[in-house]
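Peer 1: Give me the fold of what follows.
(one chain, ligands or ions: 2)
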Amino acid sequence: MALLNILHFPDPRLRTIAEAVTNFDEDLKTLVSDMFETMYEAPGIGLAATQVDVHKRLLVMDVSEDKNDPKVLINPEILEAEGEEEMDEGCLSVPGYYETVRRADKIRIRAQDVNGDFFEIKTDGLEAVCIQHEMDHLQGKLFVDYISSLKRDRIRKKLEKLKKQGQRA
Ligand code: K1U
Ligand code: ZN
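Peer 2: Ligands and ions are numbered 1, 2, ... in the order given. Next up is the predicted model:
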């Protein structure tokens with residue numbers, strides 16, 4: 001098990017479009033296990049491979065209170081989306097910032113597990129929001145893309161300044 005480095009906005013690698021997973025091998029299982037360790041340690045409720053600089057279509061999540069409901073979605077696809085919901089979102093790649101984002105409230109997803117077997121999930125609320133947020137990462141999109149460019153620029157400048165200060169220390 002290993003903790004992975006999480007990329008921070010505005011790192012251009014976060015804009016990479018991920019490719020489909022085709023090899024369901026031991027390396028994939030190690031990556032999934034490292035992503036869970038990284039997500040729980042952060043702590044977060046989700047993590048997309050893009051955030052750890054792996055440009056493959058997979059995400060991990062656990063929105064349960066007791067952190068005992070880990071889920072892996074590989075090559076996820078939205079089959080149905082309905083309703084609208086506004087929720088405050090955070091992002092491990094945009095530390096310290098929360099913004100309200102409007103997304104579909106109920107979704108039906110098809111994905112593969114670590115063995116390549118297909119399954120479907122029908123969900124709503126926080127889990128539906130988290131899946132959409134993580135699937136955005138796989139397309140190189142961040143929750144700050146839903147807010148005004150003025151606010152986004154302010155966040156970018158603050159995170160760039162923090163990074164510079166960290167490098168000097
Ligand atoms: O993708 C990420 O960076 C993870 C992100 C997921 C997410 C949060 C909120 C709404 C949609 C998607 C996070 O986990 S941010 C941290 C967070 O929300 C949290 C951390 C500890 C306990 C509970 C929540
Ligand atoms: Zn995120």
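
Peer 1: Is stretch 23-37 positioned near ligand 1?
Peer 2: No - shown here: stretch 23-37 not in contact with ligand 1 (CB under 6 Å from any ligand atom), separated by at least 10.9 Å. Every residue, glycine included, has its C-beta placed from N, CA and C.

Peer 1: Can you point out the buried residues in that stretch?
Peer 2: 28, 31, 32, 33, 34, 35, 36, 37 (16 or more other CB atoms under 10 Å).

Peer 1: Ok, stretch 125-140 next?
Peer 2: Result for stretch 125-140 [16+ other CB under 10 Å]: buried residues 127-138, 140.

Peer 1: hmm, who's touching the longest helix seen in the chain?
Peer 2: Using DSSP state H, we find that the single longest helix of the chain is helix 149-168. Contacts with helix 149-168, where a contact means CB atoms under 8 Å, 6 or more residues apart in numbering, come from 8, 9, 10, 94, 95, 97, 99, 144, 145.

Peer 1: quick one, what contacts the second one?
Peer 2: When you say that, I think you mean residue 9. Here residue 9 is in contact with 91, 93, 94, 142, 144, 155, 156, 159 (CB under 8 Å, 6+ apart).

Peer 1: my guess is residue 88 is in a strand, correct?
Peer 2: Yes - assignment of residue 88 by DSSP: H, G, I helix; E, B strand; the rest coil places it within a strand.

Peer 1: Which residue, other than its chain neighbours, is closest to it?
Peer 2: residue 98 (4.8 Å; CB to CB, 6 or more residues apart in numbering).

Peer 1: count of neighbours near the one you found?
Peer 2: Burial of residue 98 is recorded as 12 neighbouring residues (other CB atoms under 10 Å).
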